[in-house]
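[1] The sequence and its predicted three-dimensional model are supplied below.
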Amino acid sequence: MNTDYEWQRWNSTFAGEQYYYGDEAGPVARRTVRYAKPLLPSGARALDAGCGEGQDLAYLAEQGYRATGFEFTPEGARKARQLLEERRLRAEVVECDLRTLNRTERYDVVIAINVLQFLGKDAPDCLGALMEIVRPGGVIGLSLFACESGEDIEGTIYRTSLETLLQTFQDWHPFEAAELWQWGAGGQAQPFVTLVARKPLVVRFTP
Ligand SMILES: C[S@@+](CC[C@H](N)C(=O)[O-])C[C@H]1O[C@@H](n2cnc3c(N)ncnc32)[C@H](O)[C@@H]1O
């Protein structure tokens, strides 16, 4: 049994039969696909990092991507597979921890929707790995908890400011970047940053 606090929390959150976040794709996943679609060949590879119960993963599969979902809780992975089966969609669901991402893999589209904020001190390194696995010309879509400036780590919770996130992606082409307040699942308002950006086709060389 995994004793990681976030693992336990999300595994029990997903244990019921209802879809905790519903079964429809969220707005950041939809917009990421909207930006990426005209730029990428059909059958491009897409990764939903921390796919939870799979509503965005199912959407990626429905949109014709060769889609993979990474999820570290068995209950999340079970629900994601169930949703794909209900919709007769094909996608791979891999039970794994994002802290052990294989940095040599390449994907055309990567989304990580409200996941990185639960990786505490490991979040910046994990974000670096996600940026690395996007193929040149590929697209990333992110949503995570925001703070006013810099970065903030409080136990397992990580927050970043929009300015810091944009600094991290300074060589990328941003389609959209926003800081906004949304209603969290617990009913309270929570600030988030979202970013959808394209990796440059040619990596700049600085001698
Ligand atoms: C708020 S839920 C979001 C799930 C999904 N992306 C969505 O938008 O509904 C956070 C997700 O991050 C996953 N997660 C947290 N830490 C993780 C890690 N280290 N490796 C893989 N998944 C992780 C949780 O299991 C959970 O599915």
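    Arrived safely.
[2] Quick check, the residue in this structure closest to the ligand?
    Nearest residue of the chain to the ligand, counting by C-beta to the nearest ligand atom: Gly52, 2.7 Å away. C-beta: built from backbone N, CA, C; applies to glycine.
[3] where along this structure do the strands fall?
    Per DSSP state E, the chain carries strands over the ranges 45-49, 66-71, 92-95, 107-113, 134-145, 151-154, 157-160, 173-183, 189-198.
[4] What mean pLDDT does the fourth one get?
    Over the span of strand 107-113, the pLDDT mean works out to 98.
[5] mind showing which ranges of this protein have poor pLDDT?
    Within the chain, the stretches with pLDDT under 70 are 1, 185, 203-207.
[6] The closest residue to the residue of the chain closest to the ligand other than its chain neighbours: neighbour count?
    Nearest non-adjacent residue to Gly52, counting by C-beta to C-beta, 6 or more residues apart in numbering: Gly76, 4.9 Å away. By the criterion of other C-beta atoms under 10 Å, Gly76 has 25 neighbours.
[7] middle-most residue in this protein, spatially?
    What sits nearest the mean C-alpha location of the chain, by C-alpha atoms, centre = their mean, is Ala112, with 0.7 Å.
[8] Next, the contact list for that one, please.
    Asp48, Ala49, Gly50, Leu98, Leu127, Leu130, Ile140, Gly141, Leu142, Ser143, Leu144 (C-beta atoms under 8 Å, 6 or more residues apart in numbering).
[9] For the third one, give me its contacts.
    Spelled out, it's Gly50. Phe70, Glu71, Phe72, Leu98, Ala112, Ile113, Asn114, Val115, Leu116, Phe118.
[10] filter those residues by proximity to the ligand?
    Filtering the contacts of Gly50 for neighbours of the ligand using C-beta under 6 Å from any ligand atom leaves Phe70, Glu71, Phe72, Leu98, Ile113, Asn114, Val115, Phe118.
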